[in-house]
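Asks: I would like to see how this sequence folds:
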Amino acid sequence: MRPGQNAIESYKAVKQADGLRIREDLPRIIGEGHEALSPADKELLKWVGVFFRKPTPGQFMMRIRIPNGFAQSRQLRVIADLSRRLGNLIVDITTRQQLELRGFILDSIPEIWQRLRGVDLRTLQTGQDNVRNLNGCPLAGLTPHELFDASPAVFALDQLLVGADGNPEFTNLPRKFNVTITGCLENCTHNESQDVALVPAAKQGRPGFNMLVGGKMGSGGFTPAVPLDLFVQLHQAAEVVAELVRIYRDHGPREARSKCRLYFLIEERGIDWLRFELQARTPWRLESCGRDMRRLYHADHLGVAPQRQEGLVSVGLSVPTGRLHPEQMDELARLAEEYGDGQVRLTVGQNAIIPNVRDASLDWLMREPLLRRLSPQPSPFFRRMVACTGTDFCNLAQIETKSRAVELSQALEQRLGTNLEALSIHWSGCPAGCGNHEAAQIGLRGFKTNIDGQLTEAVAVYLGGQTGPDTRPAEMVLDCVPCDQLADVLADLVRKHRLAQAPKNTGASASNDRRDFVRLSDLAKSRPFPDPA
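Replies: Sure thing, here's the model as predicted:
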């Protein structure tokens, strides 16, 4: 390893800077078994979507690439069958609109890949130093609340970056790279948390995108993306983003992993340098930014909503913590075929949407038993609930999140009822922030602490986060709340928030909501919680 080079860079160097070459080692890896995996093997397997899970040695996770969250019923059926036969009966929807298959063994990899390829799915470049699953509005092309359908740019970019068999040109990035491309006006994706986001804009009567760059979550906190002051048209979008990825590949820092994101390259070189470098690599003359067309509120696309296509509606279903079981996936596929056209759309809120439902069939769909489990009208404490993987399967998590998230939402229902607007409650099991806790109205970051000589699961509480044109990272107001006291604490916070809102009219802005939440930090001074370990 060269001085200053991190371990991942040394692993890639052995593979000539192409982590996809780990495929050449699969016969050896499978033959030797999981106990013989080297640290390099464990990291490089992430290039092909195979993740060693420390909490379940010998049982792996596979991350399936689903650009824009656009899935088909036939794909869900195959994944359900693989989970049932080869996995542990658990499939998770992630906050990047993709699916994770859990609990399989190394011997199963060839069969899983073969079955996935048969339904046009792949797992390539879904981990480590790659452009991760590309996000977009799950109702792209369907919602009347979009400037235009941006999904063609998402799929064109995915073809450039990954293609059918992986693309070595984009497998040697300094670290991960997150992208969102959306024409939705309702902020249904967390654009400001992305390395690059294209958001709907207009210039001189022409629709297109403004570009945001340098956002990140995780260690070091939520750093919102900033405008690059460029306007890009739909037909330019895929190539322009690909050039930004190449700039990051060629110039991004590669020393300490915590300092390797695009944000740090911008911090070092400046936003003007990035704009100049991009223009030098782009065949078009790039224009200055247009008018941001987004509205101030956030839409989750749950419930019944009319589509732009006459006589059709979408039905967004709440999937608690994003966790599905094979029988639910099979039933979701059946409903998509029987009442829609076989499409299922996945959201960054870990939920699922059945689009293209005929008005005449809606009443019958709403009576289906699955909708009692995956409700289109969830309570305000389930509707915008997000939870990372937690200690069940994640190597980094410090607390269990999924079951705690459900228990908390149920407890808040009992204490507060359901007659209030939905609150975003996001759980992250560690500082990596996979639950996007700093983008939520109530964010919870887990850790363990010593209380009276016992190691106890606890959370830091963040309030007032939001993405969109008025982006604000949540502020930590309580640094240590034991999980068994959390329901009472949050119930107090929400009660105080509702009292603060009572005198206001219903048109109060999101930023006012946030300030009211942040004022509740005074509660921290009145509760004697232990210091975090």
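Asks: identify the residues contacting the closest residue to Gly390 other than its chain neighbours.
Replies: Nearest non-adjacent residue to Gly390, counting by C-beta to C-beta, 6 or more residues apart in numbering: Thr401, 3.3 Å away. C-beta here means a position set from N, CA and C on the backbone, and glycine is covered the same way. By C-beta atoms under 8 Å, 6 or more residues apart in numbering, the contact set of Thr401 is Thr321, Ala387, Cys388, Thr389, Gly390, Thr391, Trp427, Ser428, Gly429, Gly435, Gly446.
Asks: dump those residues into a markdown table; add secondary structure, distance to Leu371 and neighbour count as well.
Replies: As requested, the contacts of Thr401 are exported to a markdown table (DSSP: H, G, I helix; E, B strand; the rest coil; distance: C-beta to C-beta, whole Å; neighbours: other C-beta atoms under 10 Å):
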| residue | secondary structure | distance to Leu371 | neighbour count |
| --- | --- | --- | --- |
| Thr321 | helix | 18 | 24 |
| Ala387 | strand | 21 | 30 |
| Cys388 | coil | 26 | 29 |
| Thr389 | coil | 26 | 26 |
| Gly390 | helix | 26 | 25 |
| Thr391 | helix | 31 | 20 |
| Trp427 | strand | 25 | 29 |
| Ser428 | strand | 29 | 31 |
| Gly429 | coil | 29 | 30 |
| Gly435 | coil | 25 | 31 |
| Gly446 | strand | 31 | 25 |
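Asks: pull up the gap between the residue nearest to Gly390 and Leu106, please.
Replies: 27 Å (C-beta to C-beta, to the nearest Å).
Asks: now Val199: phi and psi?
Replies: As for Val199, its main-chain torsions (degrees, to the nearest 10) stand at phi -120, psi 150.
Asks: pLDDT score for it?
Replies: We have a pLDDT of 98 for Val199.
Asks: dump the residue contacts of it.
Replies: Counting by C-beta under 8 Å, 6+ apart, Val199 touches Thr182, Asn191, Phe209, Asn210, Leu212, Asp292, Arg294.
Asks: repeat for Leu332
Replies: If you count contacts by C-beta under 8 Å, 6+ apart, Leu332 has them with Ser73, Leu76, Leu317, Leu324, Val344, Ala352, Ile354, Leu370, Leu374.
Asks: what about the protein, any weak spots by pLDDT?
Replies: Within the chain, the segments meeting pLDDT under 70 span 1-4, 499-533.
Asks: which of the contacts of Val199 sit farthest apart?
Replies: Thr182 and Asp292 (12.2 Å; C-beta to C-beta).
Asks: identify the contacts common to those two.
Replies: Common neighbours of Thr182 and Asp292 (C-beta under 8 Å, 6+ apart) are Val199, Pro200.
Asks: out of these two, which sits in the busier spot?
Replies: The neighbour comparison of Thr182 against Asp292 (other C-beta atoms under 10 Å) goes to Thr182, with 28 against 17.
Asks: shouldn't the more buried one be in contact with Leu139?
Replies: No - between Thr182 and Leu139 there is no contact under C-beta atoms under 8 Å: 10.3 Å.
Asks: joint contacts of the two?
Replies: By C-beta under 8 Å, 6+ apart, the residues touching both Thr182 and Leu139 are Cys188.
Asks: ok, now how distant is Arg269 from Pro227?
Replies: For Arg269 relative to Pro227 (C-beta to C-beta), the value is 16 Å.
Asks: flag every buried residue along stretch 492-500.
Replies: For stretch 492-500, a neighbour-count test (16 or more other C-beta atoms under 10 Å) marks Leu493, Val494, Lys496, His497, Ala500 as buried.
Asks: right, and Arg254 touches Cys260 too?
Replies: Yes - with contacts counted by C-beta under 8 Å, Arg254 reaches Cys260, the gap being 6.2 Å.
Asks: between these two, what contacts are shared?
Replies: Asn6, Pro174.
Asks: and the strands in the stretch 1-150 of the chain?
Replies: For the stretch 1-150 of the chain, the strands defined by DSSP state E, counting those that start in this stretch occupy 50-52, 60-64, 70-72, 91-93, 99-104.
Asks: wouldn't Asn351 be in contact with Val315 here?
Replies: No - counting by C-beta under 8 Å, Asn351 sits too far from Val315 to count as a contact (11.0 Å).
Asks: those two: which is more packed in?
Replies: Asn351 (28 against 25).
Asks: residues contacting the residue nearest to that one when sequence neighbours are not counted?
Replies: With sequence-adjacent residues excluded and distances taken as C-beta to C-beta, 6+ apart, Asn351 is closest to Val319, at 5.1 Å. Each residue near Val319 by C-beta under 8 Å, 6+ apart is listed here: Ile93, Gln350, Asn351, Ala352, Leu374.
Asks: which one of these is nearest to Thr471?
Replies: Among the contacts of Val319, and counting by C-beta to C-beta, the member closest to Thr471 is Gln350, at 20.9 Å.
Asks: against Leu139, how distant is the residue nearest to that closest one when sequence neighbours are not counted?
Replies: Nearest residue to Gln350 in three dimensions, chain neighbours excluded: Gly322, at 2.8 Å (C-beta to C-beta, 6+ apart). Per C-beta to C-beta, Gly322 is found 18 Å from Leu139.
Asks: what's the answer for Pro200, then?
Replies: 14 Å.
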